[in-house]
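Peer 1: pasting the sequence and the predicted model now:
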Amino acid sequence: MITVGVLYGGRSGEHDVSLCSAASVVASLDRSKYKVVAIGIDRDGKWYVQDEPVIVDDKDFGRKMNLERRGNWTVNHYEKGNALVLHDSVSDKEVAVDVVFPVIHGTFCEDGTLQGLLELAMVPYVGADVAGSAIGMDKDVSKRLLRDGGIPVVPWKVVTHREWSSNRKKIASDINDAFAYPLFVKPCSAGSSVGVKKVNEPAVLEGAIDFALRFDNKIMIEDGITAREIECAVLGNDDPEASYLGEIIPKHEFYSYEAKYIDSQGAELVIPADIDEFISAAIRKAAAQAFRILNCSGMARVDFFLERGGSNYYLNEINTLPGFTSVSMYPKLWEYTGLPYGRLLDKLIELAFQRHAERKRISTELAHV
């Protein structure tokens, strides 16, 4: 039987979202195929193997994984039988998992940091590798690659913390000259709309930039186009498939963190999206193409803007570890496309082993001629 280590929590602003996603994954993994080990990471970055997976009620998220901070656990960062081995120095207990399923979002989790550790340990894991994770997390880098790959993106400008600290008035003036209002200010490397503000007038621009820079050292200013929010789920490694499309209809001013997770009436999810068949096919093709351009593997949710009353679309961002609650768009899109939640988990684990086998064939020693 395969031992699956479900990794959740993490050092990011999306810690609580991860606990919610993990509850759904743990509850849905087939116990006739898998032994499930829950591994929580607290906000300080410490790892804790749970005695058993425990799902608790939560007033904001409905259900979430409990995270018991017990023991002093270390994690192997080297190859040890292609397993991730965790040891508790307090109880002398050792736990090994065959494949890691990261249900974890944001900084230090979705940005290649965690994936680097798992690569060092040579253990199979679900989702994009180091390069795909890092590229997908950085909205500026991914936009540049997508633009050069022929995928339409919304115009943007990058501002760093150092630049803003030394020349904020000049930068604010340049933004006012280059962009029309409304516009969006967002961290370059944060998800779930953390740190994002919609700016409707110049008077509040500087405050929005200050706010975004709390969550990242590099932020972006982006055109606030009037558009529908369309999402596509992509699955696979070298030959990815794109799901049917869904539409997010926010009840708030935009699809904010509160609209996504706190307010149960914050948005309506429409599957399938009511879109012309020709445009839908073009967006699905662009989603799979973007998946390859950004070096993704396993899974990704690709988010688009579709101009209201028109046919122009823009790729907004890609999420390499999307939300995984039972009502999250990624699993719901695949369910509508014909792949139910449990089978989707099976497929992702299969893809993790497939990519790991390909990785193992790479030689790390110089051949003697």
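Peer 2: Nice, I can see it. Numbering: from 1, shown residues only.

Peer 1: so Val234 sits against Leu245, correct?
Peer 2: No. Taking contacts as CB atoms under 8 Å, Val234 lies outside contact range of Leu245: 11.6 Å. Where C-beta positions appear, they are placed from N, C-alpha and C, glycine not excepted.

Peer 1: what touches both of these two?
Peer 2: Common contacts of Val234 and Leu245 (CB atoms under 8 Å, 6 or more residues apart in numbering): none found.

Peer 1: buried sites along the host helix or strand of Glu247?
Peer 2: In the assignment (DSSP states H and E), Glu247 maps to strand 241-250. Using 16 or more other CB atoms under 10 Å as the test for burial, strand 241-250 gives Ala242, Ser243, Tyr244, Leu245, Gly246, Glu247, Ile248.

Peer 1: now the residues you listed as TSV including distance to Ser280?
Peer 2: Shown next, in TSV, are the buried residues of strand 241-250 (distance: CB to CB, whole Å):
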residue	distance to Ser280
Ala242	10
Ser243	11
Tyr244	8
Leu245	6
Gly246	11
Glu247	11
Ile248	16
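
Peer 1: let me know the closest of the residues you listed to Thr74.
Peer 2: Ser243 (39.2 Å; CB to CB).

Peer 1: hang on, that closest one packs against Ile230?
Peer 2: No. Using CB under 8 Å, Ser243 makes no contact with Ile230, being 11.7 Å away.

Peer 1: tell me the mean pLDDT over the host helix or strand of Leu205?
Peer 2: In this structure, Leu205 sits in helix 205-212 according to DSSP H and E. Helix 205-212 carries an average pLDDT of 96.

Peer 1: contacts for stretch 28-47, please.
Peer 2: Stretch 28-47 is contacted from outside by 1-11, 15, 22, 26, 48-50, 52-54, 65, 67-69, 73, 75, 86, 95, 97, 104, 108-109, 326, 341-342, 345-346, 349, using CB under 8 Å, 6+ apart.

Peer 1: what's near enough to touch the closest residue to Gln289 other than its chain neighbours?
Peer 2: Of all residues not flanking Gln289 in the chain, Ile151 sits nearest, at 6.6 Å (CB to CB, 6 or more residues apart in numbering). Shown in contact with Ile151 (CB under 8 Å, 6+ apart): Ala286, Gln289, Ala290, Ile293, Leu315.

Peer 1: look up how far Lys251 lies from Ile151.
Peer 2: According to CB to CB, to the nearest Å, Ile151 and Lys251 sit 29 Å apart.

Peer 1: now Phe291
Peer 2: On the measure of CB to CB, Phe291 and Lys251 end up 30 Å apart.

Peer 1: between these two, which one's more packed in?
Peer 2: In terms of neighbours (other CB atoms under 10 Å), Phe291 is the more surrounded of Phe291 and Lys251; the figures are 28 against 11.

Peer 1: buried residues in the helix holding Leu205, which are they?
Peer 2: For helix 205-212, by 16+ other CB under 10 Å, it's Leu205, Glu206, Ala208, Ile209, Phe211, Ala212.

Peer 1: now the longest helix along the chain: how far from the chain's centre is it?
Peer 2: As assigned by DSSP state H, the longest helix anywhere in the chain is helix 341-360. Relative to the chain's own centre, helix 341-360 is displaced by 17 Å; criterion: CA atoms, centre = their mean, to the nearest Å.

Peer 1: just stretch 223-238 next, same as before
Peer 2: For stretch 223-238, the distance to the chain centre is 13 Å (CA atoms, centre = their mean).

Peer 1: buried stuff in the host helix or strand of Gly116?
Peer 2: Using DSSP H and E, Gly116 sits in helix 113-120. By neighbour count on 16+ other CB under 10 Å, the buried set for helix 113-120 is Thr113, Leu114, Gln115, Leu117, Leu118, Glu119.
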